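Visitor: take a look and give me a structure for this.
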Amino acid sequence: MDTNEDEILYKDLSYRIVGLAMRVHSKLGYGFLEKVYPVKCLRE
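Guide: Numbering: from 1, shown residues only. You can find the predicted model right below:
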């Protein structure tokens, strides 16, 4: 997969979503079931 920055749609939104996911993962850590992370993202 080519990760050329020119091909990313909605760059600002994508950046915010990835940042949120990283922040949640930093707070929770690893080892939880997959469904825990989206729930926490919605609460952030």
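Visitor: may I have stretch 24-36 as CSV, with CA atoms only?
Guide: The C-alpha trace of stretch 24-36 is given here as CSV (Å, rounded to 0.1, in the frame of the first residue of the first chain):
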residue,chain,number,x,y,z
VAL,A,24,-6.7,6.1,24.1
HIS,A,25,-4.1,3.3,23.6
SER,A,26,-1.6,5.2,25.7
LYS,A,27,-4.1,5.6,28.5
LEU,A,28,-5.4,2.0,28.5
GLY,A,29,-2.4,0.2,27.4
TYR,A,30,-2.5,-3.2,25.7
GLY,A,31,-4.2,-6.5,26.6
PHE,A,32,-7.9,-5.5,26.4
LEU,A,33,-10.4,-7.0,24.0
GLU,A,34,-10.8,-5.2,20.8
LYS,A,35,-14.2,-3.9,21.6
VAL,A,36,-12.9,-1.9,24.6
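Visitor: next, the buried residues of that stretch.
Guide: Buried residues in stretch 24-36, counted by 16 or more other CB atoms under 10 Å: Val24. (Glycine included, C-beta is placed from N, CA and C.)
Visitor: next one: stretch 14-25
Guide: Buried residues in stretch 14-25, defined by neighbour count with 16+ other CB under 10 Å: Val24.
Visitor: just give me how far that stretch sits from the chain centre.
Guide: In terms of CA atoms, centre = their mean, to the nearest Å, the centre of stretch 14-25 is set 3 Å apart from its chain centre.
Visitor: same thing with stretch 33-44?
Guide: Distance, centroid of stretch 33-44 to centroid of chain: 10 Å (CA atoms, centre = their mean).
Visitor: mean confidence for it?
Guide: Throughout stretch 33-44, pLDDT has a mean value of 76.
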